[in-house]
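J.: generate coordinates for the sequence data below:
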Amino acid sequence: MAEHPQPPPPTPPQPPPASKTVSNNSLPSLGRQVGSMFRKALFFPSLAYNVISEKFTARTWYNHIDETVILGALPFRSVMQTLVDTEKVKGIISFNEDYEVNPLWYPSLEEMEHLGVGFLRLPVEDYTSTPTSEQVSLGLHFIEDVKERGGCVYIHCKAGRFRSAYFAAAYVIATQRLSGLMAVEMVHSKRPQIWLGSRQIRKLQEFHNALYPSEPEVLLTEEAPSNDQSNIPQGPFLDE
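T.: Now for the predicted structure:
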């Protein structure tokens, strides 16, 4: 009986180029269309809410997670210039969908290149999704590359509360060897307005256990969140 050829071993992810897009779309086409219409309808009201909150509450547009990574909201052009001049940002990771990074308010690739800023976009659907394992891996490679060049990386979604906050926690797990829950608490201590619940914490715990199988973390149940999460804010749905 002839032997079937064995598939080649998987190739480990390589550092991304200055500009790359890796999507996490997985829903059926009709579901994606309905969800996209819903998210687009909420985009401007939600963005306006975030701008007002930054001006009239204690919330800030961005916060340092460590000496390399800054977590924040959409970097408008005025914010981008500050990030480059003051925060020494040399890389941007965006977790936004296409409609959120319109050149009317979001710096173009040419503008970023002129500023000496590398760009990686890892689009994640607002409100319902978090970065995939592949997206997390690419983001971590990107950060390491920018760090080696002596720069900081600004990671963001729309408000810097959910999609990019999830990635920030994954980054902390990978670089500081914290548990999933401790990573969320650490990111929350740096940026109090993050919005991660038991489902996202459980995924981060699974990420931790995949990285450190000899140090398994007991998983939270999605149906019955642990009381340990009581200090993690569960913000209003509109304000992602």
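
J.: so which residues of this structure form helices?
T.: Secondary structure of the chain (DSSP state H): helices at 29-56, 77-85, 109-115, 133-148, 163-176, 180-190, 198-211.

J.: how much space between the residue nearest to the spatial centre of the chain and E134?
T.: What sits nearest the mean C-alpha location of the chain, by Cα atoms, centre = their mean, is S164, with 2.1 Å. Noted for S164: a distance of 16 Å to E134, by Cβ to Cβ, to the nearest Å. Just so you know, the C-beta spots here come from the backbone N, C-alpha and C atoms, and that holds for glycine as well.

J.: give me the neighbour count for S108.
T.: 12 (other Cβ atoms under 10 Å).

J.: can you pull out the low-pLDDT segments for the chain?
T.: The chain contains residues with pLDDT under 70 at 1-28, 30-49, 51-52, 54, 222-240.

J.: sorry, back to before: contacting residues around the residue nearest to the centre of the chain?
T.: L71, G72, I93, F95, I155, H156, C157 (Cβ atoms under 8 Å, 6 or more residues apart in numbering).

J.: try it again with 10 Å
T.: By Cβ atoms under 10 Å, 6 or more residues apart in numbering, S164 lies in contact with 69, 71-73, 93-96, 122, 124, 130-131, 139, 154-158, 187, 191, 194.

J.: could you do V218 as well?
T.: Shown in contact with V218 (Cβ under 10 Å, 6+ apart): S179, L181, Q205, N209, S226.

J.: distance of it from L181?
T.: Distance, V218 to L181, by Cβ to Cβ: 10 Å.

J.: one more: E217?
T.: 7 Å.

J.: and stretch 68-85, which residues are buried?
T.: If you call a residue buried by 16 or more other Cβ atoms under 10 Å, then stretch 68-85 has these buried ones: T68, V69, I70, L71, G72, A73, L74, P75, V79, M80, L83, V84.

J.: picking up where we left off before, tell me which of the helices of the chain sits most buried.
T.: helix 163-176 (a mean of 25; mean count of other Cβ atoms under 10 Å).

J.: centre of the chain versus that one, how much separation?
T.: Using Cα atoms, centre = their mean, to the nearest Å, the mean C-alpha position of helix 163-176 is found 8 Å from that of the whole chain.

J.: relative to helix 180-190, how tilted is it?
T.: Computed by axes from the mean of the first three to the mean of the last three Cα atoms, to 10 degrees, the angle separating helix 163-176 from helix 180-190 equals 120 degrees.

J.: kindly calculate the angle that helix 163-176 makes with helix 133-148.
T.: 70 degrees.

J.: my read: E185 touches I173, true?
T.: No: between E185 and I173 there is no contact, the gap being 11.9 Å when judged by Cβ atoms under 10 Å.

J.: mind listing the shared neighbours of these two?
T.: Common contacts of E185 and I173 (Cβ under 10 Å, 6+ apart): S179.

J.: before we move on, the earlier item: so which of the helices of the chain comes closest to N63?
T.: helix 180-190 (5.0 Å; Cβ to Cβ).

J.: restricting to C-alpha, output that closest one in PDB.
T.: What follows is helix 180-190, C-alpha atoms only, in PDB (Å, rounded to 0.1, in the frame of the first residue of the first chain):
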ATOM      1  CA  GLY A 180      -4.200  35.800  32.500                       C
ATOM      2  CA  LEU A 181      -6.100  37.300  35.400                       C
ATOM      3  CA  MET A 182      -3.000  39.000  36.800                       C
ATOM      4  CA  ALA A 183      -2.200  40.400  33.300                       C
ATOM      5  CA  VAL A 184      -5.700  42.000  33.000                       C
ATOM      6  CA  GLU A 185      -5.300  43.400  36.500                       C
ATOM      7  CA  MET A 186      -1.900  44.900  35.600                       C
ATOM      8  CA  VAL A 187      -3.300  46.500  32.400                       C
ATOM      9  CA  HIS A 188      -6.300  47.800  34.300                       C
ATOM     10  CA  SER A 189      -3.900  49.400  36.900                       C
ATOM     11  CA  LYS A 190      -2.300  51.300  34.000                       C
END
